[in-house]
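Enquirer: Please find the sequence and the predicted model below.
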Amino acid sequence: MDVTRGVVVAVTLVIVGVTLLSGPLVPGVTLASEPEPLTLETGTVTVSDVQLPANVTLEKGAYGAANYYLDVPPATVRLSSLDGNPTLVYRFAIDELGYTRTTNHFLNDDTGETYELTLASDTFQAGEINSERYDGTLSVSKRDGEGHAEIASRNVTVTVVE
Amino acid sequence: MSVDAVAVELRERSTAVASARRTAVSVLFGDRLGLTVFLAAVCLFGLVWRTTFLINDSVTLANGLYSLSNGQVALLEPAYGGTLNTPGVNSYRGQEFARNYGVIVLSLPYLLALQGLAAVVELRIALVALWSLALLALVVQCARVVDSDEVIVGGGLAVLGLFGLNVALARPLDPTAAHLYALQLFHLTVAAFVPVFCYRLLALAETRRLGLLAAVAVTAGTPLAFWASVPKRHVVTAAVAMGVAYCLYRSRRDADGPVVSRPRTFRALAYALVGLYAWVHAPEALLLCVTLALVDVPTAPENSPRTLAVVGGAFLLSLVPFVLTNVAITGSPVKPPRLLSGGYSAGGDAAVGGGSGGGSGGGSTSDSVGVLAPLQPLLGIVESGARPLLLLVNELLVGFRAFRAEPADVYHTFVRSGSAQSTLSDTDAESVNLSLLESVPLLAAMAAAVPALVRRRSSLSIPDRHLGPGRVADLFAATTVLGIVLLYTSRLPTHAQVTARYLFPVFPLGVYLLVRLPPIRDALRAHWRAYLWAVSGTVLVGGQLALVAVALTVNGIGEAFQFHALVGLGTALPLGVWSLRGRSEGTAGRIGAALLGLATGVTLVFVLLTSIEYYALGDSHALPMMRALGELLALY
């Protein structure tokens, strides 16, 4: 019984003690800190190869959900050099629908040699879709210390799947 | 004073403290198991707590608390949301007022505590510490229940580990938004009493084990955890309804608790709870009051003038804060800041699907209630008392007619949401408002009422007017379920329901009624292990399968919700079929218990994934480890 009481008291004391450390009572100790803000679009990145997907679909919601869900497969890039925190931008547009979506990928030292660029998904309401196919444009560009530059782009057909 | 005398006094004092503690636990939670249920619920709600707004109705409350804490009833400035034009704000005499003043006032102590904490420690670490201490208390109570020292040692170390993990991942929490956190913590505390009342009621009416299983069912098998930390009235209504059912039960048997010595006191308490709830949401309180009176008065063992005076006195006393708030804001004792004229838009929050006309806007005090009540003595009081009642009756009739007039809407509200236009989110048109059965497939077991009633009918005798305590609680629960359903059916489906939240009180009342149905009760009693295994298996294994399925097949939040909706219906169907058969002997009982466990677990999986991923709300989880988990998961 005494051992268990000791455990409970000790755990409580540690919790309360650490909590007290976090406040202004003990200056100089910071227990909760914001992550350091990244300085973006710095350094350089060299992309040796980009593979853009060939098929983009606009598929009726699965499981009985309303709307059409845009499915753009990821693009794969091969990086030959990387330093700093450059950004790769994956962009998709359907001009006919006045639609553009870009997703920024922030690279850092942990980024491997091949990297998958994903695109955030979007939905279209049924009323907006009145064709079986649309023309879309995919592109990858980079933003680093040397400026902005498009690396690759491709025209794709967006197939509407009921 | 000699050393001996000091020792004696200290011992006496510690015995007095221990006995006060025992009394407090007994009054609030019933017994140690009730306390354990409370702590477990608090820890779960803490896990899914996100320190931001889910719906902008809560902004109104946060601004209300902000103003009140600065000494003003009227809204001062939009400290939250950037505008005072949020749902539920009404203007009287040129000033803007919030709503649900009961919860705003009762959240003040939480605000003071949080501001006090923020002055001496980092608020994030304080919340982590509070959660860890609650978990430690849970470990200690569990260890006492199973009488094991190992549980304390192992659990204590685990708590320490989790605390360390959370501190290591901690980011600062903005202390200026403490009004929101205070409201959230108040609602979270009230929500934890829903399973407590469920346990206490069924521990008395059935057995403590069934009470415990019901507490598991209501905590895991309904979206209670999801709504617990959302400053909306729903969990409060649920807790009040369960509390009233509990008090009604206790009022029908000899008092055996430590404080209350007369059953009559519990009767008075039931009415007082309803009266106090009027301070939060008057229309629902009126409904609860009517159902309570309809069930209580005709079935009471005695209605002597003295008893009625005590009960009525308690009720009137409990209405005092409500009346004072009304007088302060609207100038009329019976006109709350948000009981609406004409169409009686009970739901408030822009859910004016029914015939609310235009009365919901601020300042349209054209109804006679506001003008007549305080001035014309008797006539005014009678009229102002009768008017809300007439409006309520009218609303219930409208709800009744909706079943015939709008069968499609009723179907989308109760059975299948899918891609029905009326169920879509009004901001992005996503299918994110689940039906009642999709949210709580456990309620499919209500089908067991059919065989239970059929069997009862064959052996029916003339019913005794003086029902037993269990029957009275059953009757109150069933009548309230019916009342809530009728009150809101004509307005539903509407946006921002997520899990049919207007019908929320139906969930705990339904779970209580389920466990009272003979087939369910017998299946759970005989196969409680199968039930608990099914719940854990569904959450631990099924949860991971759901995660994989969502990651592989889902492209957005609407599809994710509908995936869970179909899984829910997929478990509701066999459960409903089993319940309809009403057999609980042998293997049939085991299957039933497993199906009940499956339905319970499915909802918890949905609630967990919703809180961590679908509605992560900018990964604003109160606990850093949950935030990290949310950041780690990217399912679509």
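Expert: Sure thing, it's come through.
Enquirer: For the rest of this, base every contact and every neighbour count on C-alpha atoms.
Expert: Fine.
Enquirer: List the buried residues in stretch A:87-97.
Expert: Of the residues in stretch A:87-97, those buried under the neighbour-count criterion (16 or more other Cα atoms under 10 Å in any protein chain shown) are A:T87, A:L88, A:V89, A:Y90, A:R91, A:F92, A:A93, A:I94.
Enquirer: before we move on, what about stretch B:585-596?
Expert: For stretch B:585-596, the buried set under the neighbour-count rule, 16+ other Cα under 10 Å, comprises B:A588, B:G589, B:R590, B:I591, B:G592, B:A593, B:A594, B:L595, B:L596.
Enquirer: and these, which two are the farthest apart?
Expert: In the buried residues of stretch B:585-596, two members sit farther apart than any others by Cα to Cα. They are B:A588 and B:L596, at 12.2 Å.
Enquirer: Model confidence score at B:G556, please.
Expert: With respect to pLDDT, B:G556 has a value of 89.
Enquirer: For the closest residue to chain A within the stretch 101-250 of chain B, give its distance to A:V9.
Expert: Relative to chain A, the nearest point of the stretch 101-250 of chain B is B:V121 (3.5 Å; Cα to the nearest Cα). When Cα to Cα, to the nearest Å is applied, the distance between B:V121 and A:V9 equals 21 Å.
Enquirer: tell me the SS of B:A429?
Expert: Taken by DSSP: H, G, I helix; E, B strand; the rest coil, the conformation at B:A429 corresponds to coil.
Enquirer: could you measure it against chain A, distance?
Expert: 7 Å (Cα to the nearest Cα, to the nearest Å).
Enquirer: Using the three-state scheme, assign the residue nearest the centre of chain A.
Expert: With distances taken as Cα atoms, centre = their mean, A:H105 lies nearest the centre of chain A, 5.5 Å away. Using three-state DSSP as the criterion, the local structure at A:H105 reads strand.
Enquirer: if you count what's nearby, which of B:V121 and A:V9 comes out ahead?
Expert: It is B:V121, of B:V121 and A:V9, that has more neighbours when counted by other Cα atoms under 10 Å in any protein chain shown, with 20 against 13.
Enquirer: Contacts only, for that one.
Expert: Each residue near B:V121 by Cα atoms under 8 Å, 6 or more residues apart in numbering or on different chains is listed here: A:T19, A:L20, A:L21, A:S22, A:G23, A:P24, A:L25.
Enquirer: ok, then the element right after the helix or strand hosting B:L117?
Expert: B:L117 is located in helix B:108-120, with elements delineated by DSSP states H and E. Note on helix B:108-120: by DSSP H and E, the next helix or strand toward the C-terminus is helix B:123-146.
Enquirer: could you give the angle of the very next helix or strand once past that next one to helix B:123-146?
Expert: For helix B:123-146, the succeeding helix or strand toward the C-terminus, using DSSP H and E, is helix B:149-169. In terms of direction (axes from the mean of the first three to the mean of the last three Cα atoms, to 10 degrees), helix B:149-169 departs from helix B:123-146 by 170 degrees.
Enquirer: Would you mind writing the CA trace of helix B:149-169 as PDB?
Expert: The C-alpha trace of helix B:149-169 is given here as PDB (Å, rounded to 0.1, in the frame of the first residue of the first chain):
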ATOM      1  CA  ASP B 149      -1.200  -2.600  -6.700                       C
ATOM      2  CA  GLU B 150       0.400  -3.500 -10.000                       C
ATOM      3  CA  VAL B 151      -2.200  -1.400 -11.800                       C
ATOM      4  CA  ILE B 152      -1.200   1.700  -9.800                       C
ATOM      5  CA  VAL B 153       2.500   1.200 -10.300                       C
ATOM      6  CA  GLY B 154       2.200   0.400 -14.100                       C
ATOM      7  CA  GLY B 155      -0.500   3.000 -14.700                       C
ATOM      8  CA  GLY B 156       1.300   5.600 -12.700                       C
ATOM      9  CA  LEU B 157       4.400   5.200 -14.800                       C
ATOM     10  CA  ALA B 158       2.300   5.200 -18.000                       C
ATOM     11  CA  VAL B 159       0.700   8.500 -16.900                       C
ATOM     12  CA  LEU B 160       4.200   9.900 -16.300                       C
ATOM     13  CA  GLY B 161       5.300   8.800 -19.700                       C
ATOM     14  CA  LEU B 162       2.300  10.400 -21.400                       C
ATOM     15  CA  PHE B 163       2.800  13.600 -19.500                       C
ATOM     16  CA  GLY B 164       6.400  13.700 -20.600                       C
ATOM     17  CA  LEU B 165       5.500  13.000 -24.200                       C
ATOM     18  CA  ASN B 166       2.900  15.800 -24.200                       C
ATOM     19  CA  VAL B 167       5.300  18.300 -22.600                       C
ATOM     20  CA  ALA B 168       8.000  17.400 -25.100                       C
ATOM     21  CA  LEU B 169       5.600  18.100 -28.000                       C
END
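Enquirer: avg pLDDT for it?
Expert: When pLDDT is averaged along helix B:149-169, the result is 96.
Enquirer: So what does A:E34 have for phi and psi?
Expert: As for A:E34, its main-chain torsions (degrees, to the nearest 10) stand at phi -70, psi 150.
Enquirer: and it, how far is that from B:L514?
Expert: Using Cα to Cα, A:E34 is found at 48 Å from B:L514.
Enquirer: any idea which helix or strand comes after the lowest-mean-pLDDT helix or strand in chain B?
Expert: Taking mean pLDDT, DSSP states H and E as the measure, helix B:368-372 is the helix or strand of chain B with the lowest mean score, a mean of 44. Taking DSSP H and E as the definition, the helix or strand that follows helix B:368-372 towards the C-terminus is helix B:377-405.
Enquirer: show me where chain A has helices.
Expert: For chain A, helices defined by DSSP state H occupy the ranges A:2-21.
Enquirer: Show me which residues of it sit near chain B.
Expert: Contact residues, chain A versus chain B (Cα under 8 Å from any Cα of the partner chain): A:1, A:4, A:7-8, A:11-12, A:15-16, A:19-25, A:31-35, A:61-67, A:69-71, A:120-123, A:125.
Enquirer: are any of those residues buried, and which?
Expert: Looking at the residues of chain A next to chain B with 16+ other Cα under 10 Å, the buried ones turn out to be A:4, A:7-8, A:11-12, A:15-16, A:19-23, A:31-32, A:61-67, A:69-71, A:120-123.
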